[in-house]
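Enquirer: A structural model of the following input is requested.
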Amino acid sequence: MSRSSPFKQVDVFTSVPFKGNPVAVVMEAEGLTAEQMLAIANWTNLSETTFVLPVSQAHRGQADYRLRIFTPGGELPFAGHPTIGTAHALLEAGVVSARDGALVQECEAGLVRLQVSGGERGGAQRIAFELPQPVVTPLDDAAIAELEAVLGAPVRRGEAVPRLIDVGARWIVAQLADAQAVLDCRPDFNRMKLRDMRDHNTGVTVFGAWPAGAAAGIEVRSFAPAHGVVEDPVCGSGNGCVGVFIRDSGQAATLGPDYVAAQGSMLGRAGRVSVSLQGGQVRVGGQAVTCVEGRIAL
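Expert: Have a look, this model is predicted:
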């Protein structure tokens, strides 16, 4: 009999199946090569597939598990919705347990601390991660002009100048006029793919504010055609980088140190991402639900 592993497909940033962003989780991936992991990620054809491994010797006693994250196009050092989805899968399966409401994930970007709350008395469980320390680089005028040509839309400048924000995933983040401008955005994906391959970027995330009193504070869209993902339904690392952008551009007072981002409506999804900018640390969280459970042949 061929080897197999427990497998889950988890919908992230939603409590309703099929309305968030799915991630495939291979829960016993020890012994797989990077080439085999990439082949499986191509087969699942999701934006990300994760592979759970024993903690490395360097982080023994510090982390609860190790994770490798693959898109159909290659490996990522860190990604948000796979982090939350994998933690949900492992907690649900009883493979790990939160200690004092916390888990620690090891990945290529380092150690990522997760907060686990709720789940008692039938309440909804929420998982949030602390965004890895970002490296922020404002775009120059030539890069901004190229970005606007790719997006087919003007971006805000001044304090809100577009930035490359590197948290393991490398997102160019740009603020558009408002939430409706985000929904109306029609990028040139072929040009974006060539640009991001040239610059070794993950992709482009755009956001804009909803009017006061709306169900969400901002609307977000994330595009990563260079990694085989034209549009990510609901992106954790992209939303985390937007949080960095909002904090660094001095907009936390107006958009809120704690806000909810909407993402995915253009793809028929209804993702909701909770972002906290308290204490200078960006935290990204949400709910998750398992949609598929079984075993995968390895």
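Enquirer: contacting residues around E28?
Expert: S5, P6, V52 (C-beta atoms under 8 Å, 6 or more residues apart in numbering). For every residue, glycine as well, the C-beta is placed using N, CA and C.
Enquirer: Give me the subset of those lying in strands.
Expert: Residues of these located in strands (DSSP state E): S5, P6, V52.
Enquirer: what would those look like in TSV with pLDDT?
Expert: Below are the ones in strands among the contacts of E28 laid out as TSV (pLDDT from 0 to 100):
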residue	pLDDT
S5	97
P6	97
V52	98
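Enquirer: Quick check: ChimeraX command selecting the buried ones in those residues.
Expert: With 16 or more other C-beta atoms under 10 Å as the criterion, this ChimeraX line picks the buried residues out of the ones in strands among the contacts of E28:
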select :5,6,52
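Enquirer: what residue ranges in the protein score low on pLDDT?
Expert: Counting by pLDDT under 70, the chain contains low-confidence ranges at 1, 120-124.
Enquirer: Pick out the residue closest to the middle of it.
Expert: Closest residue to the average C-alpha location of the chain: G236 at 2.4 Å, with C-alpha atoms, centre = their mean.
Enquirer: That one and F129 touch, don't they?
Expert: Yes: using C-beta atoms under 8 Å, G236 is in contact with F129, at 7.3 Å.
Enquirer: buried set for stretch 16-36?
Expert: K19, G20, N21, P22, V23, A24, V25, V26, M27, E28, A29, L32.
Enquirer: Isn't the second one up against T14?
Expert: Going back to what we said before, that points to G20. Yes: using C-beta under 8 Å, G20 is in contact with T14, at 3.2 Å.
Enquirer: Now do the helices in the stretch 1-150 of the chain.
Expert: Using DSSP state H, counting those that start in this stretch, the helices assigned to the stretch 1-150 of the chain run over residues 34-44, 80-93, 141-151.
Enquirer: again but with the stretch 151-298 of the chain, I slipped
Expert: For the stretch 151-298 of the chain, the helices defined by DSSP H, counting those that start in this stretch occupy 179-184, 189-199, 236-248, 252-255.
Enquirer: So which of those is the most surrounded?
Expert: helix 236-248 (a mean of 27; mean count of other C-beta atoms under 10 Å).
Enquirer: how far is that one from where the chain is centred?
Expert: Relative to its chain's centre, helix 236-248 lies at 11 Å (C-alpha atoms, centre = their mean, to the nearest Å).
Enquirer: From the contact counts, what lies against that helix?
Expert: The contact analysis (3 or more C-beta pairs under 8 Å, 6 or more residues apart in numbering; DSSP states H and E) places helix 236-248 against helix 80-93, strand 163-166, strand 170-175, strand 203-209, strand 218-224, strand 258-263, strand 271-276, strand 283-286.
Enquirer: Now that we have these, can you turn them into a markdown table and tack on distance to Q251?
Expert: Conversion of these to a markdown table gives the following (distance: least, C-beta to C-beta, whole Å):
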| stretch | distance to Q251 |
| --- | --- |
| helix 80-93 | 20 |
| strand 163-166 | 13 |
| strand 170-175 | 8 |
| strand 203-209 | 9 |
| strand 218-224 | 10 |
| strand 258-263 | 10 |
| strand 271-276 | 12 |
| strand 283-286 | 17 |
